[in-house]
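Visitor: turn this into a structure:
(one chain, ligands or ions: 1)
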Amino acid sequence: MVDGKEGIKIDGFEEIFLNKIHNLDCKIGFKKIPDNSVDLLLTDPPYGISRTLNCDGQRLGTTAKLSFDFGKWDEFNHEWFEEALKKVRGWAITFCAKKDIGNLWNILEKNGFIAIDVLVWQKPDPVPLNGKSKFLNAWEAAVMGKRGGAHWGGYCTHNIIKYQAPKGKTRIHPTQKPLGLIKDLIELTTKEGDLVLDPFMGSGTTALACKQLSRNFVGFEINKEYCQMAEERLNQTEKPHTISLTQ
Ligand SMILES: C[S@@+](CC[C@H](N)C(=O)[O-])C[C@H]1O[C@@H](n2cnc3c(N)ncnc32)[C@H](O)[C@@H]1O
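Guide: As a prediction, this is how the structure comes out:
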């Protein structure tokens, strides 16, 4: 590792710096990361947003409403997932639309991972939309898989985790995940000093969780505004970031 003007350069990574959210399309970012170098892929790509119930109408804390139009993202193929998996030597966890669970499970198995589970994030206070005609959406799914021998820090841990979705001033992104949920997943699947990759950082929840838990991260976020907000959120935590990478 070399500590330069732009940040800490990691051996074998091209123009990618440790513990930084890069304002970059992840498909370009993946090409700069060596294969089998990441202990945990933990991410939350855009999903479930191209239907009539999109995020544009939702209120955000004190921040002005942000446009969140990803057009065809829900129809996207999962090429990004296959590319990301090549980088992983430990766990891979991705939140996803319910209809994509089977596809992502198959991609894990096709790429040499052991597909382990579908984690449920239970939302105690779901958005009361269309409550007269269908269930409220009180859970989100995350598909989980691992390479053989990957670390597991849990013991008799349930695969349903309950957290309130971020609200009010703490919510700066329309699909922000609860910090506690992301911290639980990082603690279960990594050790201190491990490297976490999140190619769809949004408000930087994964980055903040890593900083608080002494894990390292590499992040990508294509939207400049979110990227800046995420960096600011990260800088508000004074805890110094760990830099000793596990081998
Ligand atoms: C569902 S949000 C992630 C929210 C995040 N988990 C959080 O807690 O704030 C997905 C993010 O991916 C970003 N994104 C979309 N396409 C991308 C791409 N090709 N490369 C990098 N980021 C992308 C979007 O701008 C959006 O902020």
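
Visitor: tell me which strands whichever strand or helix holds residue 115 pairs with, and in which orientation.
Guide: Under the criterion of DSSP states H and E, residue 115 resides in strand 114-122. Neighbouring strands of strand 114-122 in its sheet, by DSSP bridges, are strand 139-146 (antiparallel), strand 160-162 (parallel).

Visitor: nearest the geometric middle of the protein, what residue?
Guide: residue 43 (2.4 Å; Cα atoms, centre = their mean).

Visitor: what's around whichever residue of the chain sits closest to the ligand, how many residues?
Guide: Distances between the chain and the ligand by Cβ to the nearest ligand atom are smallest at residue 202, namely 2.5 Å. (Glycine included, C-beta is placed from N, CA and C.) For residue 202, the count of nearby residues is 27 (other Cβ atoms under 10 Å).

Visitor: could I get the strands paired with strand 114-122 as JSON lines with mean pLDDT and mean neighbour count?
Guide: Shown next, in JSON lines, are the strands paired with strand 114-122 (pLDDT from 0 to 100; neighbours: other Cβ atoms under 10 Å):
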{"stretch": "strand 139-146", "mean pLDDT": "98", "mean neighbour count": "22"}
{"stretch": "strand 160-162", "mean pLDDT": "98", "mean neighbour count": "14"}
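
Visitor: could you dump those strands into a markdown table with distance to the ligand added?
Guide: Output for those, formatted as a markdown table (distance: least, Cβ to the nearest ligand atom, whole Å):
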| stretch | distance to the ligand |
| --- | --- |
| strand 139-146 | 10 |
| strand 160-162 | 15 |
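
Visitor: with adjacent residues omitted, what lies nearest to the residue of the chain closest to the ligand?
Guide: residue 173 (4.6 Å; Cβ to Cβ, 6 or more residues apart in numbering).

Visitor: contacting residues around residue 87?
Guide: 30, 33, 34, 35, 36, 37, 38, 41, 197 (Cβ atoms under 8 Å, 6 or more residues apart in numbering).
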